[in-house]
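Trainee: Need coordinates for the following:
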Amino acid sequence: MFLKKLTMLQEKVPSDSEYPFSIPAIHHLKELTFQKEVTFFVGENGTGKSTLLEAIADKCEFNTAGGGRQNTYEVDQSESVLGDYIRLSWLPKVTTGFFLRAESFYHFASHIDEVEEDLNMYINYGGRSLHQQSHGESFLSLFKYRFSGKGIYLLDEPEAALSPTRQLTFLKIIHDLTKTKKAQFIIASHSPILLGYPDADIFSFDGDHIAKVNYVDTEHYQLTKYFLQNREKLLAELFK
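Mentor: Next up, the predicted model:
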């Protein structure tokens, strides 16, 4: 573990009515402590989990459009709106890692083509262009080959391109990296498969405050379980 604590700089907050401070979970945030190698942010869309993850990436000096410190390219509306208002506490600080934004991964893949076209090697991406791989394959190639050694990995909805089987493969990648005590993951996710990673901390952004929750108490787990056990009944109620 490297990142120990996130602190909101209350004295710099311009107005509670302005976005993103109007989001309840962000409005009430004072500090967040990280105690596990793997931490999940969960919550309904619009509850601030991606906004906070993006702010962490900004303070790590990762490209907030997606990538690491070395990846320089721009995507419209990818700037962090919260980065200037938080402080990160490290022990020790690391400068390596990656920020994945599923929604802008296409632009990252195009950026890699531009910087790698002369070398034509793609060593960190499975040996070929990410655009020449399926969406799921390109995500796994990134996880397998770019994620290595000491670093902090910030992932916004990595399940977006992964089938259930490949989500299990990704869990194995997380396990192999974190067992060396050289990698830390903070992941915003809706996937009940990923959230089931053993001994991870899960922070829910639903409600007025960010709160730690157990896996079986997440809406993702409970709704998925109910659907699998009561599919016909649930759909009948939904469609009537």
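Trainee: OK, contacts around residue 80?
Mentor: If you count contacts by C-beta atoms under 8 Å, 6 or more residues apart in numbering, residue 80 has them with 54, 55, 57, 58, 64. Where you see a C-beta, it was placed from the backbone N, CA and C, and this is true even at glycine.
Trainee: what's the closest non-adjacent residue to it?
Mentor: Using C-beta to C-beta, 6 or more residues apart in numbering and skipping residues adjacent in sequence, the residue nearest residue 80 is residue 58, 3.7 Å away.
Trainee: which other helices and strands contact the helix or strand hosting that neighbour?
Mentor: Per DSSP states H and E: residue 58 is located in helix 49-59. Where contact means 3 or more C-beta pairs under 8 Å, 6 or more residues apart in numbering; DSSP states H and E, helix 49-59 is packed against strand 3-8, helix 24-27, strand 38-42, strand 86-90, strand 97-101, strand 151-156, strand 183-188.
Trainee: What lies in contact with that helix?
Mentor: Counting by C-beta under 8 Å, 6+ apart, 3, 6, 20, 23, 25-26, 29, 41-43, 63-64, 80-83, 85-88, 99, 101, 154, 156-157, 186, 188, 205 sit against helix 49-59.
Trainee: Could I have the ChimeraX command that selects the buried members from those?
Mentor: Of the contacts of helix 49-59, the buried ones go into a single ChimeraX selection, burial set by 16 or more other C-beta atoms under 10 Å:
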select :3,6,20,23,25,26,29,41,42,43,63,64,80,81,82,83,85,86,88,99,101,154,156,157,186,188,205
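Trainee: mind showing which ranges of the protein have poor pLDDT?
Mentor: 76-78, 117-120 (pLDDT under 70).
Trainee: And the helices in it?
Mentor: Remark: helices assigned in the chain by DSSP state H are 24-27, 49-59, 105-116, 135-141, 164-178, 219-229, 231-239.
Trainee: Name the stretch among these that sits most buried.
Mentor: Among the helices of the chain, helix 49-59 has the highest mean neighbour count (mean count of other C-beta atoms under 10 Å), at a mean of 23.
Trainee: show me the contacts for residue 130.
Mentor: Counting by C-beta under 8 Å, 6+ apart, residue 130 makes contact with 108, 109, 112, 113, 122, 138, 141, 142.
Trainee: OK, contacts around the closest residue to residue 8 other than its chain neighbours?
Mentor: Spatial nearest neighbour of residue 8, chain neighbours left out: residue 29 (4.9 Å); criterion: C-beta to C-beta, 6+ apart. Contacts for residue 29 (C-beta under 8 Å, 6+ apart) come out as 8, 52, 209, 210.
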